[in-house]
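Peer 1: the following block contains a protein sequence and its predicted model.
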Amino acid sequence: MNCEEARTQFVDYWRGTLEKAGGEFDDHLATCERCRAEAQELKDLWGTL
Amino acid sequence: MYEATDNSLMQGVRDGDLGALAVLFERHHRSLFNYFVHVNGNRDLSEDLVQDVYFRMLKYRKTYQPERSFTAWMYQIARNAHVDSISKRKFEVGLGERQFASANVMDENLKRKQEIGLLKRALARLPLEKRELLVLSRYQNLKYEEIAGILGCDVGAVKVRVYRAVRALGQIYFELAGEKAS
């Protein structure tokens, strides 16, 4: 999974509706610092909304 | 006890049971009101728009297709009502321009309120299309399929658009937070 593909799943990540934990998305976040930071920062924003 | 679905109630309205619209109003007027308040920031206008949506449901009841999600159809009408209202009235964004009083003691509640205030200001500055997406997906908590039905696109496109809307919101929010801090 590349960054662009990962971003299509950010919303599921924020909503807690990712189909399976520990899948490709989690693998990508574990290895891509930029996506990990963005996903977390925007997740906080999503939570505050 | 059997409770009629939204779709079957609207099908009833379409076929002449106009009383069923009252049940749909009871079920959905609050969420519609919240939707409008979040997209236009004006409570009085939002109340008028909720009435307008139900008037339009009645007027266009013959066009309702029961195989389609009632929620998607209702929000499609709501979007149209909102867009029409913009062209009719001078649009004033009433969201979040208030200033917060400075305080020597910054407790968690105040900090939280400030974050929410900043977020409202950021939301008000977001283009309508993006703001609307966030309202539908976050505040109204609609399913992707329903949003896709409203927007006329596929689920994948909805996810990408919501991501972009949140990213755009984040950019505005952090800019505002930076201005506030400096």
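Peer 2: Structure's in. What do you need? Since the model is a prediction, treat every value here as computed from it, not as a measurement.

Peer 1: low-confidence bits of the chain, can you list those?
Peer 2: In the absence of a named chain, this looks at chain A. A:20-22 (pLDDT under 70).

Peer 1: my question was about chain B, not that one.
Peer 2: Short version for chain B, where the test is pLDDT under 70: B:1-2, B:89-108, B:180-182.

Peer 1: got the buried residues for the top helix by length along chain B?
Peer 2: Longest helix in chain B, counting residues (DSSP state H): helix B:155-181. For helix B:155-181, a neighbour-count test (16 or more other Cβ atoms under 10 Å in any protein chain shown) marks B:158-163, B:165-170, B:172-173, B:176 as buried. Where C-beta positions appear, they are placed from N, C-alpha and C, glycine not excepted.

Peer 1: just stretch B:130-147 next, same as before
Peer 2: Those would be B:130-138, B:140, B:142-144, B:146-147, for stretch B:130-147 by 16+ other Cβ under 10 Å.

Peer 1: and B:Glu3, how far from chain A?
Peer 2: 26 Å (Cβ to the nearest Cβ, to the nearest Å).

Peer 1: for B:Lys88, same thing?
Peer 2: 29 Å.

Peer 1: got it, and B:Gly16?
Peer 2: For B:Gly16 relative to chain A (Cβ to the nearest Cβ), the value is 39 Å.

Peer 1: any idea which residue sits dead centre in the chain?
Peer 2: The chain I'm using is chain A. The centre of chain A sits closest to A:Phe10, judged by Cα atoms, centre = their mean, with a distance of 4.1 Å.

Peer 1: actually it's chain B I care about, not the one you picked
Peer 2: B:Tyr35 (2.7 Å).
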